Each structure stands twice: as structure tokens, then as C-alpha cells.
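Novice: any chance you could fold what I've pasted below:
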Amino acid sequence: MKKAEESLQLAVADHIVTNYPNVLFRTDAGGIKLPIGLAKKLKDMNGGRRGWPDMFIAEPRVKSFPNVYHGLFIELKKEGTRIFKKDGTLVSDAHIREQYDMLNDLRARGYAAEFACGFDEAKKLIDDYMRGEYAHAD
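Specialist: Numbers count the residues shown, from 1 in each chain. I've put the predicted structure just below:
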């Protein structure tokens with residue numbers, strides 16, 4: 001599973017570099033096996049908060065007021081990952097719930113912030129955002 005997320009991050013990064021060469025972005029070390037000491041240091045460097053998204057695109061976008069975004073955070077998930085149940089409620093997985101809460105906190109601070117399951121979803125999210133067509137659907 002970790003290799004799938006690592007491959008997804010690489011593919012998404014390649015899409016950005018190829019299609020938006022002047023855009024600044026950053027990914028975390030998701031999917032990379034780290035020694036326990038280094039993993040703890042990285043966690044501490046993030047203030048001990050869990051749930052930080054995998055990718056950040058440091059490119060502001062304005063669609064129309066109030067849709068002004070300071071940048072785009074993306075939590076990448078492998079193809080087929082379920083975030084919501086059929087009834088629209090969030091799955092019970094504790095880690096996904098932490099990530100969901102973090103995405104909501106980031107949205108409240110003026111960022112676009114979404115889950116993307118698989119490459120096609122991530123590509124569409126990025127392309128829509130870069131064209132100024134992104135709007136979070138509540």
C-alpha cells in the first residue's frame with residue numbers, strides 16, 4: 001500500500017512539473033519507510049499534529065468572492081480508497097477522520113483542501129484549481 005501512495009505522489013508531481021513548470025509545490029515523505037527516530041523528529045517538527053496533507057501547491061487562486069484560496073492542499077489516497085460511506089457520512093477509519101479534520105481546518109483558513117483518490121482525481125483537482133474552476137462542494 002505504501003508503494004502505491006509513493007507512486008501516486010511521484011505521478012502527481014510529474015503532472016505538475018510537466019503542465020505547470022513554474023508552480024511551486026511540495027510533498028511530504030508519505031509512503032517512504034523512515035527509521036523510527038527520524039519519523040519521530042519529523043512528527044515533532046510538524047508540532048506533533050497528525051493528518052497533514054501529502055501535497056501543497058503554493059499558488060493562490062481567485063474564482064470569485066468568497067472563493068479566494070491561498071493555495072491547494074491535497075491528501076492523496078490510492079485508487080479505490082473510500083472516504084465516505086454510501087449514505088454520505090465519513091468512514092470510521094481514525095486516520096482518515098484526522099485527515100478530514102485537518103482539511104476542514106485548512107479550508108477555514110482560506111486554503112483549498114481536498115482528498116484525491118487516485119491519479120485521475122488528483123489531476124482533475126489540480127487542473128480545475130489551476131484554471132480557477134475549483135470550489136469546494138459542501
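Novice: report the buried residues of the helix ranked longest in the chain.
Specialist: Scanning the chain for the helix with the most residues, using DSSP state H, yields helix 2-19. Across helix 2-19, burial judged by 16 or more other CB atoms under 10 Å covers 4-6, 8-9, 12, 16. To be clear about C-beta, it is placed using only N, CA and C from the backbone, and glycine gets the same treatment.
Novice: which of these lies closest to residue 80?
Specialist: Closest approach to residue 80 among the buried residues of helix 2-19 (CB to CB): residue 4, at 9.8 Å.
Novice: can you name the residues bridging to the residue nearest the centre of the chain?
Specialist: With distances taken as CA atoms, centre = their mean, residue 74 lies nearest the centre of the chain, 1.4 Å away. Legend: beta-bridge partners of residue 74 under DSSP bridges are residue 55, residue 114.
Novice: returning to what we had before: so which elements touch the longest helix of the chain?
Specialist: strand 25-27, strand 55-57, strand 72-77, helix 119-130 (3 or more CB pairs under 8 Å, 6 or more residues apart in numbering; DSSP states H and E).
Novice: identify whichever of the ones you listed lies nearest to residue 101.
Specialist: Of all the helices and strands packed on helix 2-19, strand 72-77 comes closest under CB to CB, at 11.2 Å.
Novice: the closest one: what's the following helix or strand?
Specialist: helix 94-108 (DSSP states H and E).
Novice: run the chain-centre distance for that next one.
Specialist: 10 Å (CA atoms, centre = their mean, to the nearest Å).
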